[in-house]
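Participant: Kindly return the folded structure for what I paste below:
(one chain, ligands or ions: 1)
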Amino acid sequence: MNIRILNSREDLNATAATVIASLLLSKPQAMLGLATGSTPIGIYRHLADMYRKGQVSFAHAYSVNLDEYVGLAPEHPQSYRSFMNEHLFQHIDIPISHTRVPNGDALDLTAECAAHEQAILDHGPVDLQLLGIGHNGHIGFNEPGHSLTGATHVVDLKERTRSANARFFGDIDAVPRQAVTMGVGTILKAKQIMLVAFGAEKADIIRQALTGPVTTECPASLLQCHPDVLILLDQEAGGWFK
Ligand code: GLP
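Facilitator: Here you go, the predicted structure:
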């Protein structure tokens, strides 16, 4: 794994955005694996700036998102589809028909999971998968446990994850109890993975994921098995790494 510690959060966002923009310059029709949460917001802001300045185009790119809450319609303000539209898609030139976020409101969630995998097969493989990390080591919504599921599936969210995400909903009772997520197998099929984390509260879990045993109890630790992983950390999240 290639681990880089950046001096500031701004540097980290700019570096991550540059990695994505460079990929698009060399492969305009690349498939991007995208993530939600607080972590990628600054990266998306940088990408939108680069697009406005004519430094990158997404006109031929495809994107596929990691996950979505079950039971939220795409128009729901807290859905990950709304998040992606608000923080990235409406600011750039990617055709919305080239973007896929799982539909957590689908009547047949099994079929929706299969459709998500199929979309990756149709336009993929994913060239670059962007990841954040949950406080418990989850990637996408692959929660720690005795086992993990490889393909896109429906998952029960841990209370820790629901309470961490309650800040977006205002009230923990409003946070859905389930999500659709790419499986760890789906994630590991990406050609390159870029995991980004900042802040002292991520330092412990990052250290465990990168230097601890590879275990389903810390899903991010499975990234140790991937041949091309770039880890971008700020000083707070990566200060332990010398
Ligand atoms: C969410 C998402 C993950 C994200 C993680 C961390 O629950 N499903 O994809 O990486 O939590 O979020 P944040 O970046 O807000 O810390």
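Participant: What's the separation between the nearest residue to residue 156 once chain neighbours are set aside and residue 158?
Facilitator: For residue 156, ignoring the flanking residues on the chain, the nearest one in space by Cβ to Cβ, 6 or more residues apart in numbering is residue 178 at 5.7 Å. All C-beta atoms are positioned from the backbone trio N, CA, C, and that covers glycine. Counting by Cβ to Cβ, to the nearest Å, the gap between residue 178 and residue 158 amounts to 11 Å.
Participant: need the next SSE after the worst-scoring helix or strand of the chain on mean pLDDT, C-terminal direction.
Facilitator: Of all regular secondary-structure elements in the chain, judged by mean pLDDT, DSSP states H and E, the least confident is helix 159-169 with a mean of 93. Beyond helix 159-169 on the C-terminal side, the first helix or strand identified by DSSP states H and E is strand 178-181.
Participant: quick one: buried residues of the least confident helix or strand of the chain?
Facilitator: Residues 161, 162, 164, 165 are the ones in helix 159-169 that count as buried (16 or more other Cβ atoms under 10 Å).
Participant: Give the full set of residues in contact with the last one.
Facilitator: Pointing back at residue 165 there. Neighbour list for residue 165: residue 175 [criterion: Cβ atoms under 8 Å, 6 or more residues apart in numbering].
Participant: Now the two most distant members of the buried residues of helix 159-169.
Facilitator: Distance extremes for these: the farthest pair is 162 and 164 at 7.4 Å, using Cβ to Cβ.
Participant: Take the longest helix belonging to the chain, keep the C-alpha atoms, and write them as CSV.
Facilitator: Longest helix in the chain by number of residues, with DSSP state H as the criterion: helix 9-26. Below are the C-alpha coordinates for helix 9-26, written out as CSV (Å, rounded to 0.1, in the frame of the first residue of the first chain):
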residue,chain,number,x,y,z
ARG,A,9,-6.9,18.7,4.8
GLU,A,10,-6.8,21.1,1.9
ASP,A,11,-3.7,19.3,0.5
LEU,A,12,-5.4,16.0,1.0
ASN,A,13,-8.5,17.1,-0.9
ALA,A,14,-6.4,18.6,-3.7
THR,A,15,-4.2,15.5,-4.0
ALA,A,16,-7.2,13.1,-4.1
ALA,A,17,-9.0,15.3,-6.7
THR,A,18,-5.8,15.4,-8.8
VAL,A,19,-5.6,11.6,-8.8
ILE,A,20,-9.1,11.4,-10.1
ALA,A,21,-8.6,14.2,-12.7
SER,A,22,-5.4,12.5,-13.9
LEU,A,23,-7.2,9.3,-14.5
LEU,A,24,-9.9,11.1,-16.5
LEU,A,25,-7.2,12.8,-18.6
SER,A,26,-5.6,9.5,-19.5
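Participant: quick one: strands adjacent to whichever helix or strand comes after it?
Facilitator: The helix or strand immediately downstream of helix 9-26 is strand 31-34, counting by DSSP H and E. In the sheet containing strand 31-34, its partner strands are strand 62-65 (parallel), strand 128-131 (parallel), by DSSP bridges.
Participant: Check what contacts strand 31-34 and list those residues.
Facilitator: So strand 31-34 is in contact with 20, 23, 40, 61-66, 84, 88, 120, 123-130, 182, 187, 190, going by Cβ under 8 Å, 6+ apart.
Participant: Also near the ligand: which of these, exactly?
Facilitator: Residues shared between the contacts of strand 31-34 and the neighbourhood of the ligand are residue 66 [Cβ under 6 Å from any ligand atom].
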